Every structure is written in C-alpha cells, then in structure tokens.
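Trainee: missing the sequence, but the structure's below:
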C-alpha cells in the first residue's frame, strides 16, 4: 500500500510539473513590419521604362529598403518576363502578336546570365518585367514580404 501511494505521488508531481512548465512558456514578441520598397536600379513600384533603360538595369541587384533607407537581404524572389512574340494563325497563315510568359524562382541577384540574355534580346514596347513574391530578411533574421516591382517597356 505504501509503494502504491509513492508511485501515485511521483506520477502526480510529474504531471503537475508539466502543467507549470507549459504556463511559463515565453510569449511571442509583437513585431510590426516596416513599409518596404523593392528597387531595381533607380526604379521602384510600377513604372514605364525605355528599352535602353531595361537593358541597363536588368543586370542590377534587386534591393529592398525601408523608409529609413536601411537595406534588407533579399532571400528569394520570382521573376516573370512577359514577352511579345509573333505567331502565325494556322488556318489563315497570317502573323499576329501574342505574349510568351517566362517565369522562375531565384535565390540570387542579379538574374543569371541566361535570363539576362533573354530580356536583352529585343525588348519591345508593352513587354513587362515583374519581380514578385520578394522575401527579405532583416538583421534580426525576421523574414517578410516586400512589394512587387513591375516595369513595363514603353
């Protein structure tokens, strides 16, 4: 009988210590994400650019800054290139303009050489360069989304 009460006391202490430990867990720290801006060269947000400007900046580093001009590390982003191409109607044989979309996820900036060559090939008015799902990291290793960057060639 004495052994049974000792086992019961040990089990009781074990379970109550877990409950006390759970109640004293650290509470999450509230964090308000600063307003971020995604920048490529001197361009940000949604802008119209010339083909020469597109050629000049496409090889630049993608950057994320806050209102205090503090830089964040870009950990990944997706790039979409909406290219205008000529296609042929199979029934009439007449050419017409259509769009071709190329997109991929990147973890390095600037874009790889193959992508740079594709964009610099022959930019036409109406083509779009879009950087989206940009994820940035601050000095305290907090990850956050940065706004999309859309550049349209005029």
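Mentor: Sure, I can see it. Just so it is clear, the structure is predicted and the values come from calculations on it, not from any experiment. Numbering: from 1, shown residues only.
Trainee: so in that sheet, which strands flank the helix or strand harbouring residue 80, and in what orientation?
Mentor: Per DSSP states H and E, residue 80 falls inside strand 71-88. Using DSSP bridges, strand 71-88 pairs in its sheet with strand 62-66 (antiparallel), strand 95-106 (antiparallel), strand 128-137 (antiparallel).
Trainee: could these be laid out in TSV, adding distance to residue 53, mean pLDDT and mean neighbour count?
Mentor: To be clear about C-beta, it is placed using only N, CA and C from the backbone, and glycine gets the same treatment. Listed next are these as TSV, based on distance: least, C-beta to C-beta, whole Å; pLDDT from 0 to 100; neighbours: other C-beta atoms under 10 Å:
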stretch	distance to residue 53	mean pLDDT	mean neighbour count
strand 62-66	16	96	20
strand 95-106	20	95	11
strand 128-137	11	97	19
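Trainee: select, out of the ones you listed, the one closest to residue 118.
Mentor: The closest of those to residue 118 is strand 95-106. By C-beta to C-beta, the value is 6.7 Å.
Trainee: distance from the chain centre to the closest one, please.
Mentor: Strand 95-106 has its C-alpha centroid displaced from the chain centroid by 20 Å (C-alpha atoms, centre = their mean, to the nearest Å).
Trainee: can you tell me which residue is spatially central in this structure?
Mentor: residue 134 (1.7 Å; C-alpha atoms, centre = their mean).
Trainee: returning to that earlier point: sort out which residues of the strand holding residue 80 are buried, please.
Mentor: Using 16 or more other C-beta atoms under 10 Å as the test for burial, strand 71-88 gives 72, 74, 77, 79-84.
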